[in-house]
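K.L.:
Build me a structure from this.
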Amino acid sequence: MADQLKEIAEIPRDFLREGTQFLHRCTKPDKREFIKISQAVGVGFVVMGTIGYFVKLIHIPVNNILVGGA
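P.N.:
Residues are numbered from 1 along each chain as shown. Reported below is the predicted structural model:
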């Protein structure tokens, strides 16, 4: 019983220790790294938006054919 309580008490302690280690390893990105990340995110937005636009463009006529034919 006491062993189980110790194991349960260690879970938050381990979480806090690992969290502080993670925060100490994190660094703020420099300007070059920030620009690269921003460009990658921007390209992702454009690609996903383009895919969504073409899916919608194809979906509208197909939907009209299915609904209009019924």
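K.L.:
for this structure, what spans make up the helices?
P.N.:
Secondary structure of the chain by DSSP state H: the helices cover 2-25, 31-69.
K.L.:
In TSV: these, plus mean pLDDT and mean neighbour count.
P.N.:
All C-beta atoms are positioned from the backbone trio N, CA, C, and that covers glycine. Shown next, in TSV, are the helices of the chain (pLDDT from 0 to 100; neighbours: other C-beta atoms under 10 Å):
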stretch	mean pLDDT	mean neighbour count
helix 2-25	89	9
helix 31-69	93	10
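K.L.:
And Lys28, its phi and psi?
P.N.:
phi -80, psi 130 (degrees, to the nearest 10).
K.L.:
For Phe34, see how far away it is.
P.N.:
Separation of Lys28 from Phe34 (C-beta to C-beta, to the nearest Å): 9 Å.
K.L.:
cool, and Glu10?
P.N.:
On the measure of C-beta to C-beta, Glu10 and Phe34 end up 38 Å apart.
K.L.:
again, but for Asn64
P.N.:
Noted for Asn64: a distance of 45 Å to Phe34, by C-beta to C-beta.
K.L.:
Could you do Tyr53 as well?
P.N.:
Taking C-beta to C-beta, one finds Tyr53 at 28 Å from Phe34.
K.L.:
swap in Leu5?
P.N.:
From Leu5 over to Phe34 the distance is 46 Å, taken as C-beta to C-beta.
K.L.:
Which residue would you name as the spatial centre of this protein?
P.N.:
When C-alpha atoms, centre = their mean is applied to the chain, the residue found nearest the centroid is Val41 (11.2 Å).
K.L.:
Now do the same contact list for it.
P.N.:
Counting by C-beta atoms under 8 Å, 6 or more residues apart in numbering, Val41 makes contact with nothing.
K.L.:
isn't Pro29 right up against Ser38?
P.N.:
No. Here Pro29 does not reach Ser38: they are 9.9 Å apart, not a contact under C-beta atoms under 8 Å.
K.L.:
Kindly format the C-alpha coordinates of stretch 26-38 as CSV.
P.N.:
Output in CSV follows, covering the C-alpha atoms of stretch 26-38 (Å, rounded to 0.1, in the frame of the first residue of the first chain):
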residue,chain,number,x,y,z
CYS,A,26,14.3,25.6,-25.0
THR,A,27,15.7,28.7,-26.6
LYS,A,28,14.2,31.6,-28.4
PRO,A,29,14.7,31.3,-32.2
ASP,A,30,16.9,33.8,-33.8
LYS,A,31,15.7,36.0,-36.7
ARG,A,32,16.9,33.7,-39.4
GLU,A,33,15.3,30.6,-37.8
PHE,A,34,12.0,32.6,-37.2
ILE,A,35,11.9,33.7,-40.9
LYS,A,36,12.4,30.1,-42.0
ILE,A,37,9.6,28.8,-39.8
SER,A,38,7.3,31.6,-40.9
